[in-house]
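Trainee: Any chance you can model this:
(one chain, ligands or ions: 1)
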Amino acid sequence: MPKFELAPLPYDFAALEPHIDTQTMQIHHGKHHAAYVNNLNAALEQYPEFFEKTALEIIKDLAAVPEAVRTAVRNNAGGHVNHTMFWSLMAANAGGQPSGALADAINAAFGSFDSFKDQFQKAAMGRFGSGWAWLIVDGGALKIVSTPNQDNPVMDNPAVTPILGVDVWEHAYYLKYQNRRADYLAAWWNVVNWSAVANLYEGAK
Ligand code: MN3
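Mentor: Got it, this is the predicted structure:
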C-alpha cells in the first residue's frame, strides 16, 4: 500500500511575501508538515489497511483507529489534512473579498464581510495556545469554529465541511511576527485564495 506523501507546495516558498515570509513557508512545509506525514506513516505501519483510506476519511472516523495509535493518528492525520488544505487556501496576488454565492452566504450569515472578518479573527485570537480557526458549512449554514492542536471540525462531526482555515500555531508566524498573532492574522487576509474557498463552498452545498 502506498503511504502518505508530502505534496510539493502549490507555489514558490516566496510567493506569499511580504505577508508570509519565505523562511516560515520553507520550515512550515518542509519540516512541520513533513513531520506530520512521517509520523502518520510510522503510526500506521502496523495497521497498513489504513493506507487504503484518505487522511480525511481517517480523521472522520477516528474510533476505527486502534487505540494504541489513535492519539498519534489524530494529531498527525489531522496535521496532514489541515496543512494540505491551508496551502491550497492561500495564493500570490490573492486576498480581497469573495464574490458570488459565497459572498452572499457570508453576508447572510454574518451581516457583512467586515463583520465576518471580525468574528473569524476573534475565533483565531481566542484559541489559547496552538490550534486553528475555521469557516465551516454545517447543514447548509456557514459557521465559525476553532479547534485545538491539529484537530479538524470533521472529528466532532463528519458531516461538516471546512472551507477556510487559519493555522494559529506559533510556528506559522513566529519568525516574522513573534508573539503578534493579530498582526499575522491581519496580513494573512492578503493571501486568502477566495476562489479556492468558493470551490469548497460549492462542493459542500
Ligand atoms: Mn502549522
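Trainee: So which elements touch the strand or helix carrying residue 197?
Mentor: Using DSSP states H and E, residue 197 falls within helix 194-204. In terms of contacts (3 or more Cβ pairs under 8 Å, 6 or more residues apart in numbering; DSSP states H and E), helix 194-204 is packed against helix 100-110, strand 131-138, strand 161-167. No exception for glycine: its C-beta is placed from N, CA and C like everyone else's.
Trainee: so which of the ones you listed comes closest to the ion?
Mentor: strand 161-167 (4.2 Å; Cβ to the ion).
Trainee: next helix or strand past that closest one?
Mentor: Immediately after strand 161-167, counting by DSSP H and E, sits helix 174-177.
Trainee: and that next one, how far from the chain's centre?
Mentor: 19 Å (Cα atoms, centre = their mean, to the nearest Å).
Trainee: hmm, back to that, how distant is the helix holding residue 197 from the center of its chain?
Mentor: Counting by Cα atoms, centre = their mean, helix 194-204 comes out at 14 Å from the chain centroid.
Trainee: tell me the angle of it relative to helix 100-110?
Mentor: 80 degrees (axes from the mean of the first three to the mean of the last three Cα atoms, to 10 degrees).
Trainee: Could you give the average pLDDT over helix 194-204?
Mentor: Helix 194-204 shows a mean pLDDT of 97.
Trainee: quick check: angle from it to strand 161-167?
Mentor: Using the same axes, to 10 degrees: helix 194-204 against strand 161-167 is 150 degrees.
Trainee: Residues touching stretch 181-200, excluding its own?
Mentor: 16, 18-20, 88-92, 94-102, 117, 121, 124-125, 135, 161-164, 166, 168, 172-173, 176-177 (Cβ atoms under 8 Å, 6 or more residues apart in numbering).
Trainee: gap between the two ends of that stretch?
Mentor: Stretch 181-200 has an end-to-end distance of 26 Å (Cα to Cα, to the nearest Å).
Trainee: Show me which parts of it are buried, residue by residue.
Mentor: 181, 184-185, 187-189, 191-194, 196-198, 200 (16 or more other Cβ atoms under 10 Å).
Trainee: now do stretch 123-131
Mentor: So for stretch 123-131, counting by 16+ other Cβ under 10 Å, buried means 123, 124, 127, 131.
Trainee: Among these, which one sits closest to residue 70?
Mentor: residue 131 (19.0 Å; Cβ to Cβ).
Trainee: For this structure, list the residues in contact with the ion, please.
Mentor: 167, 169, 172 (Cβ under 5 Å from the ion).
Trainee: go again using 8 Å as the cut-off
Mentor: 28, 32, 33, 79, 82, 83, 86, 167, 169, 171, 172 (Cβ under 8 Å from the ion).
Trainee: Many thanks, I have nothing further to ask.
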